[in-house]
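Visitor: Fold the stuff below for me.
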Amino acid sequence: MSRELLADDDAGRGADLRRRAADRLVGRERACGVRGRRSRRRDAHQALSEDVHVTAADLLQFEPEAPITEKGLRLNINVAIQYVGAWLVGQGAVPIYNLMEDAATAEISRSQVWQWIRSTKGRLDDGRKVTREMVASMIPEEVAKIRDLLGPAYAAGKYDDAAGIFAELVANDTFVEFLTLPAYARID
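Guide: Numbering: from 1, shown residues only. Sure, this is the predicted structure:
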């Protein structure tokens with residue numbers, strides 16, 4: 001793997017260097033004269049709209065605006081557990097429901113569930129409030145679905161540990177920055 005750093009189109013936007021993983025790409029860029037080229041695109045700070053005004057309070061508003069479905073809630077629980085269960089045994093990218101998922105997907109899934117539990121707008125489309133108890137009751141059901149889906153491959157992951165981590169994270173009143181932080185303690 002090449003450790004050479006090359007300037008690219010992002011140089012004009014503040015990301016001066018980028019690592020190239022494949023030597024053949026480095027060679028191709030040199031041949032094409034890409035090295036050191038700066039973008040003619042405007043800097044993101046220059047492209048700010050004058051009519052948009054965002055406050056700190058706006059950034060803290062994470063209330064769901066669209067209806068939350070039970071299917072969506074269960075999918076968030078399921079995907080987060082599947083990813084963490086595979087991550088605990090060393091997989092960084094995991095095929096889940098025909099998509100290649102990574103930690104970002106699991107983070108989004110976990111964060112949404114955590115937020116829905118705490119938001120007054122965290123209600124399913126049938127009117128039920130998303131609660132710790134509701135999520136806690138769904139976790140073993142989703143683990144059973146994962147076990148059925150994966151069959152013998154279930155034994156290769158740490159899905160029961162992942163379910164425990166997920167349960168702890170969404171029940172915790174303090175939002176843990178990264179779901180992988182408590183997971184590190186469970187890596188062999």
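Visitor: now the helices for the chain?
Guide: 23-32, 56-59, 70-87, 103-118, 132-150, 159-171, 180-183 (DSSP state H).
Visitor: Identify whichever of those helices lies nearest to residue 126.
Guide: Shortest distance between residue 126 and the helices of the chain, using Cβ to Cβ, is found for helix 70-87: 7.3 Å. Using the backbone N, CA and C atoms, a C-beta is placed for each residue, glycine as well.
Visitor: Compute the inter-axis angle for that closest one and helix 132-150.
Guide: 60 degrees (axes from the mean of the first three to the mean of the last three Cα atoms, to 10 degrees).
Visitor: returning to that earlier point: tell me which of the helices of the chain sits most buried.
Guide: Most buried of the helices of the chain, by mean neighbour count (mean count of other Cβ atoms under 10 Å): helix 70-87, with a mean of 23.
Visitor: circling back to that earlier point, in TSV: the helices of the chain, plus mean pLDDT.
Guide: Output for the helices of the chain, formatted as TSV (pLDDT from 0 to 100):
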stretch	mean pLDDT
helix 23-32	44
helix 56-59	78
helix 70-87	96
helix 103-118	94
helix 132-150	97
helix 159-171	96
helix 180-183	87
